[in-house]
Every structure is written in structure tokens, then in C-alpha cells.
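1. sequence unknown, structure follows:
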């Protein structure tokens with residue numbers, strides 16, 4: 001709309017100007033001429049009624065000074081709705097990645113730090129074995145021996161899978177160990193006379209295609225107990 005059109009819409013009509021003038025005169029106590037042309041005093045109440053009647057009659061055609069702003073408000077609501085829609089569309093994404101790109105919580109196995117005391121310390125032929133976690137067809141166990149044949153303490157995290165599994169482990173002690181077609185392998189192991197801790201990283205693939213990977217640690221000679229195990233595994 002041009003400035004000329006806006007100015008035309010906002011200019012009051014002659015009838016409205018007469019009504020407003022009459023109202024002002026009534027409020028001031030001034031006499032005005034009646035429609036017959038005779039000069040007589042018109043009461044304030046009557047003038048108010050006349051002015052109100054004229055204003056109500058002309059109201060449908062009057063324009064509001066900020067009508068254009070009202071149109072802008074509608075546009076603002078549309079923009080806000082579009083913004084909310086965009087937020088909702090990305091609610092299940094992290095750094096632009098869909099939720100399906102990340103491992104499900106059920107596939108993250110992180111058992112608490114496990115402290116184990118050998119039930120038969122000093123017996124070189126018996127060790128204490130505990131279950132640490134299960135990930136699909138794979139099982140993680142911790143083996144603890146106090147005073148083996150050499151008088152040392154021994155701890156290890158063993159990964160066990162179904163027949164035909166391929167297991168690879170890289171340990172801080174013992175280097176890389178690849179055992180294809182096996183059912184178990186030591187993911188982390190340590191043997192020492194005093195306090196010592198070792199770790200390792202492992203990857204295992206079952207014959208049916210299921211994969212598990214992660215890190216493990218084993219410690220001996222800790223004040224809390226004979227052996228301490230830690231494990232984080234990602235898998236089914």
C-alpha cells in the first residue's frame with residue numbers, strides 16, 4: 001500500500017469531524033445549532049448520544065493506525081511455526097547424525113569395577129573365575145589366582161564366543177594375539193609379584209556375523225583385593 005493510500009485511509013470523514021466537534025462543544029458547555037437552523041442550546045447528554053451514534057455508524061469503515069503492524073504479526077507467527085517445525089525435525093539428531101547412527105544403550109556393556117579374592121590362595125592349580133558381562137553370543141570372564149607356581153599373582157579377562165569365532169586382541173603385555181576359529185582368548189592379562197595392571201583391546205566376530213569390541217583391564221596386588229577387573233564392550 002502506498003503512502004497516499006495509507007493517508008487516505010486514516011483521514012477522518014466530514015461526518016466524523018462534525019460528531020467529534022459536537023462532542024467537544026458539549027464537554028465544554030457550548031451551545032450548538034440544531035438541524036432546523038434555529039439556535040438553541042443542546043444538552044451535553046444529547047450531544048454525546050449524537051456523537052456516539054455517528055461514531056458507531058462510521059466504525060466499520062474506519063482504519064486503525066497500526067493495521068500494517070497487525071499484518072506483520074501474522075507473518076511473525078508463521079516464521080515462529082516454521083522454526084518450531086525445524087527444531088522438531090532435528091530433535092532426534094546429534095551433530096547432524098540421526099539416532100540410528102549411534103549404538104543403542106543396550107549394546108554398551110560397562111560392568112562396574114569388579115574386585116575378586118581368590119577362594120584358594122596358594123593353590124597353583126585352582127583359580128577363581130567370575131562372570132563379568134555378556135554381549136550377544138560372547139561372554140567375558142575374570143580369572144584370579146593368588147600365589148601361582150612361581151609365587152606370583154595372576155589375573156586375566158577372557159573373552160569366550162561360539163565355535164568358529166574369530167578373535168583378535170592387542171594387549172599391553174604379550175602384544176597382538178590373533179586366534180581365528182577359536183572359542184576363547186585372553187583380552188587382558190597380568191602376572192606379577194607386586195601391584196601391577198595391564199590392559200588390552202579386543203575385536204571378536206561370531207560365525208553369524210555378530211561383532212563385539214572394546215577394552216579390558218586386569219590388576220593384581222591391589223589393597224582392595226587379589227584381582228581387579230575393568231571392562232567396556234560394544235556389541236549385541
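-> Looks like it came in fine. The model shown is predicted, which means the values in this text are computed figures rather than measured ones.
2. And for the helix or strand hosting residue 139, what's in contact with it?
-> Following DSSP states H and E, one finds residue 139 within strand 138-145. With contacts defined as Cβ atoms under 8 Å, 6 or more residues apart in numbering, strand 138-145 is touched by 114, 116-118, 124, 126-134, 153-161, 165, 187, 204, 206, 210, 212, 216, 218, 220, 226-227, 229, 231, 233, 235. C-beta coordinates here come from the backbone N, C-alpha and C atoms, glycine included.
3. Try it again at 6 Å.
-> Strand 138-145 is contacted from outside by 116, 118, 127-133, 154-161, 204, 212, 226-227, 229, 231, using Cβ atoms under 6 Å, 6 or more residues apart in numbering.
4. Repeat that for stretch 108-117.
-> With Cβ under 6 Å, 6+ apart as the test, stretch 108-117 has contacts from 128, 130, 132-133, 135, 144, 224-233.
5. try 7 Å
-> 128, 130, 132-133, 135, 142, 144, 224-234 (Cβ atoms under 7 Å, 6 or more residues apart in numbering).
6. Buried among those residues? Make that a PyMOL selection.
-> To isolate the buried members of the contacts of stretch 108-117 in PyMOL, using 16 or more other Cβ atoms under 10 Å:
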select buried, resi 128+132+133+135+142+144+225+226+227+228+229+230+231+233
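7. In strands only, show me the contacts of stretch 108-117.
-> When DSSP state E is applied, those are split such that 128, 130, 132-133, 135, 142, 144, 225-234 fall in strands.
8. still on that earlier bit, and the angle from whatever helix or strand comes next after the strand holding residue 139 to strand 138-145?
-> Proceeding N to C from strand 138-145, the next assigned helix or strand is strand 153-171, under DSSP H and E. Here strand 153-171 points in a direction 140 degrees away from that of strand 138-145 (axes from the mean of the first three to the mean of the last three Cα atoms, to 10 degrees).
9. and the angle for strand 153-171 with strand 128-135?
-> Here strand 153-171 runs at an angle of 30 degrees relative to strand 128-135 (the same axes, to 10 degrees).
10. Count the residues that sit near residue 155.
-> 31 (other Cβ atoms under 10 Å).
11. my read is residue 50 is in a helix, agree?
-> Yes. Counting by DSSP: H, G, I helix; E, B strand; the rest coil, one finds residue 50 located in a helix.
12. And it, how far from residue 56?
-> 11 Å (Cβ to Cβ, to the nearest Å).
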